[in-house]
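Novice: Pasting the sequence and the predicted model now:
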Amino acid sequence: MVAITVLLAAVVGTFVMNMDMPENQPPSTSWDISAQSDAVVIEHDGGEAADAGTLVALVSYTGSEERYAFADGSSAYGSTSSISATDSWAIYFGSGSPPVSNYFDASSSHSLSDVEAVKLIWKSPTSSQTQPLTTWEP
């Protein structure tokens, strides 16, 4: 009887210890990525709100790859900003006005025609865990 109790406690303990805490889980969201007037626009399409500080766009260009955080740059979201349905962020490659108010200006190093793919990635604020949320290819 004692052996069964110890075994049961070990199984339950292992299960509880392997459960991720809610802050280590990406939000349940839907995203839309599209090309619009010299920019790649990433729009929150619905679901839970996401913290801007946890979102990164991994952009594959012809011959290179770069990461742009939603909270990087002078026209970006703040790292604690909450992004909810219909909020947008862009990687801008033009010289006029960007299509959205929150963006990363990549116009000095790349053009929209160089973009081969964009992968939206969630990164945990408390660990090194990451998870891809969606991918777009022009």
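Specialist: Good, I have the coordinates.

Novice: Could you use CA atoms for every contact and neighbour count after this?
Specialist: Noted.

Novice: In contact with the closest residue to Val118 other than its chain neighbours, which residues?
Specialist: In space, and not counting its chain neighbours, Val118 is closest to Val59: 4.6 Å by CA to CA, 6 or more residues apart in numbering. When contacts are counted by CA atoms under 8 Å, 6 or more residues apart in numbering, Val59 touches Glu65, Glu66, Arg67, Tyr68, Val115, Glu116, Ala117, Val118, Lys119.

Novice: Let me see the contact set for the last one.
Specialist: Taking CA under 8 Å, 6+ apart as the definition of contact, the neighbours of Lys119 are Ala57, Leu58, Val59, Pro132, Leu133, Thr134, Thr135, Trp136.

Novice: Compare the contacts of Val59 and tell me which is most surrounded.
Specialist: Counting neighbours by other CA atoms under 10 Å, Val118 leads the contacts of Val59 with 23 neighbours.

Novice: if we can go back for a sec, would you point out the most distant pair within the contacts of Val59?
Specialist: The span of those, defined through CA to CA, is set by Tyr68 and Glu116 at 15.1 Å.

Novice: Of the contacts of Val59, just say which sits nearest to Ala106.
Specialist: Taking the contacts of Val59 together and measuring to Ala106 by CA to CA, the closest member is Tyr68, at 9.2 Å.

Novice: distance of the closest one from Ile91?
Specialist: Distance of Tyr68 to Ile91, given as CA to CA, to the nearest Å: 8 Å.
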